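Trainee: I need the structure of the sequence given here:
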Amino acid sequence: MKTLLSTTLLFISLLCLSCAKQSSPTGGPRDEEPPNLIAINPSNQSTSISPEKILLTFDEYVGLENPAKGVVITPKINKDLVEFTALKNTITVLLKQKLADSTTYVFDFQKSVVDISERNPVENLKLVFSTGPQIDSLNLSGSLRFPLSEGKEDYKNVLIGIYPLTDSTDVFSAQPYYLGQVDTLGNFNLSNLKEGAYRAYAWKDNNGNLKAEYKSEDYDFLPDTLFLNANSIDSAFFNLSKADLTPIKILRTSSFGQNFDVILNRNPIQSSLEMAGLGKDLFYVQGEKRLRIYPKTVVSDSIRLRVTVQDSVGFTKDSLIWAKFPSLDRKPEKLSVQVNSGKSFYQTLKMELKFNKPITQVRLDSLSIKADSTFIPIRKEMLSFADSSKRDLLRIHLFLPDSIETELISLIARKSTFQDIEGEVNEKPLQANYKKLKRQNLADGISGEIRNATAPLVIQLINGKKEVAYELILDKGNKFSFSLLDPGTYSLRVIEDQNGNGIWDPSNYRLRRSAERIFYYEGEDQTRDLIVRGGWTVEDLIIQANFPSELRKTKKD
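Mentor: Residues are numbered from 1 along each chain as shown. Reported below is the predicted structural model:
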């Protein structure tokens with residue numbers, strides 16, 4: 001009896017284990033078809049309605065993926081009062097708010113609706129209806145780019161938004177009235193727009209708050225008002241880049257040992273000082289968010305100082321300050337130096353040494369150039385400071401003829417070669433290496449012309465390290481030529497330097513000033529790669545500045 005009971009219990013246990021075991025279904029290909037919409041209420045293109053509920057019915061069970069962000073509703077409504085639910089094969093949208101009168105609404109579901117099994121998204125799912133008697137039919141379309149991008153441009157999370165001219169908000173303070181997304185090629189189309197005057201923006205919405213963050217996100221704007229009346233606009237163009245709109249300010253001044261500091265809220269791209277004895281008895285350097293003034297000798301009286309600083313977007317600050325230099329017993333900072341080591345050159349070697357403090361002495365007997373086993377002395381006329389009021393950037397230029405055949409050229413500086421204004425010296429020897437190019441290996445040159453752009457122009461060859469390897473400035477005309485180039489693959493970039501300062505300037509929204517235009521040479525294969533070979537000449541390159549010069553308008557349907 002006991003044996004029979006044990007056998008029965010064992011059989012029941014095995015039966016339960018068999019029933020509980022799960023296995024994957026077999027047979028049939030993976031479902032790659034998205035759900036099909038079979039009914040929608042209200043109907044698409046309906047007029048004179050103000051629904052409280054929207055129902056979408058599909059031919060299979062569906063789900064929702066982040067509808068609060070993925071479903072774009074224009075013009076804007078309070079998304080906190082919109083409820084999305086998915087039950088079996090039906091999507092329900094509850095609108096817990098009153099819609100505006102005589103307004104066309106667009107619900108663009110993008111890729112938010114998916115099937116339950118494989119998460120295949122429904123493509124091009126859009127509902128358009130109007131609370132008035134007609135559907136608005138104006139469009140705004142165009143394209144954009146990231147002009148400073150040297151690689152494949154990423155248009156993910158890039159948005160386009162427009163605001164009525166009567167709206168006091170902007171892209172930095174509130175969600176736009178009409179909103180759209182950019183496709184993978186950088187093109188966009190905002191449809192079903194109401195007639196009116198608007199301001200337009202584009203930005204990369206990294207944090208998903210439907211606003212632009214000018215301190216951390218790329219953005220651009222159209223400086224002129226968009227007038228949508230009887231016509232649509234099909235050629236709007238945006239150049240996206242970062243442009244911090246925080247105005248530069250002087251936060252405070254303070255003493256640092258026997259020196260005087262001007263503390264800033266951000267780093268300037270340009271700075272200038274006006275004071276008695278500057279460049280002779282007083283020098284200054286620009287550090288991290290500060291300007292530090294160094295006296296050569298003890299200064300007992302306050303000195304009148306005018307400070308002018310400019311930030312990256314063109315804001316300037318001009319202040320009059322009285323500088324005091326107390327005799328405080330503080331150990332000086334050590335002298336440090338950075339060298340532009342690793343550069344290639346042909347015949348003319350250009351070395352740059354950047355110091356953290358003004359330099360007052362260079363011991364030439366401790367400074368030399370090594371070429372193989374030969375040491376070439378540095379003479380005084382080879383040295384110059386980029387700014388005599390700072391003396392923190394030392395340039396050494398040296399001509400090396402082809403008769404010097406060695407490829408590796410080294411700058412050698414022994415200990416105590418350099419002395420700063422506080423008596424500190426370089427505590428370690430310094431060596432910087434450079435590559436001397438041979439004439440027979442160089443490309444003869446490249447040349448061409450730039451069309452549809454106005455000088456001054458900055459033409460740059462960007463190497464594989466994304467560095468500016470060669471640069472040319474055209475003050476007038478549109479034809480350019482580079483000669484004796486190191487072989488390699490480059491991209492050719494042109495900056496339309498409107499203010500002639502030799503650098504690219506970003507936009508300034510507060511001043512309604514657009515960023516300076518940037519464009520690239522593109523070959524027949526639509527890539528930016530420009531291959532430069534030794535002994536070859538590349539001629540007749542054409543660089544088209546083919547940005548829209550004005551917004552084109554097309555008649556509405």
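
Trainee: For the stretch 201-350 of the chain, which segments count as strands?
Mentor: 219-221, 226-228, 231-239, 250-256, 259-264, 270-274, 282-287, 290-295, 303-310, 316-323, 337-339, 344-345, 348-355 (DSSP state E, counting those that start in this stretch).

Trainee: partners of the fifth one in the sheet?
Mentor: Right, the one you point to is strand 259-264. Strand 259-264 sits in its sheet next to strand 250-256 (antiparallel), strand 290-295 (antiparallel), going by DSSP bridges.

Trainee: Go through these and pick out the most buried.
Mentor: strand 290-295 (a mean of 21; mean count of other C-beta atoms under 10 Å). Placement of C-beta: from N, CA and C, glycine included.

Trainee: and that one, C-alpha only, in CSV?
Mentor: Coordinates of each C-alpha in strand 290-295 appear next as CSV, following Å, rounded to 0.1, in the frame of the first residue of the first chain:
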residue,chain,number,x,y,z
ARG,A,290,39.8,85.7,-15.2
LEU,A,291,42.3,88.3,-16.2
ARG,A,292,45.4,88.5,-14.0
ILE,A,293,47.7,91.6,-14.0
TYR,A,294,51.3,91.2,-13.0
PRO,A,295,53.4,94.2,-11.9
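
Trainee: so Ala212 touches Asn206, yeah?
Mentor: No - Ala212 is beyond contact range of Asn206, at 9.8 Å (criterion: C-beta atoms under 8 Å).

Trainee: Per-residue pLDDT of the nearest residue to Phe385 once chain neighbours are set aside, please?
Mentor: With sequence-adjacent residues excluded and distances taken as C-beta to C-beta, 6 or more residues apart in numbering, Phe385 is closest to Arg391, at 4.9 Å. pLDDT recorded at Arg391 is 97.

Trainee: Please apply the same query to Asn340.
Mentor: 96.

Trainee: Next: the one 5 residues further on.
Mentor: Here, the pLDDT recorded for Phe345 equals 95.

Trainee: just the one 10 residues further on next, same as before
Mentor: Residue-level confidence at Phe355 comes out at 98, pLDDT.

Trainee: Okay, the residue nearest to Phe385 and Phe418: tell me how far apart.
Mentor: The gap separating Arg391 from Phe418 is 11 Å, by C-beta to C-beta, to the nearest Å.

Trainee: what sits in contact with each of those two?
Mentor: Ile359 (C-beta atoms under 8 Å, 6 or more residues apart in numbering).

Trainee: Quick check, Ile404 in contact with Leu398.
Mentor: No - taking contacts as C-beta under 8 Å, Ile404 lies outside contact range of Leu398: 10.6 Å.

Trainee: More neighbours: which of the two?
Mentor: More neighbours surround Leu398 than the other of Ile404 and Leu398, with 18 against 15 (other C-beta atoms under 10 Å).

Trainee: host element of the more buried one?
Mentor: When elements are assigned from DSSP states H and E, Leu398 belongs to strand 393-399.

Trainee: after that strand comes which helix or strand?
Mentor: Counting by DSSP H and E, what follows strand 393-399 is strand 408-413.
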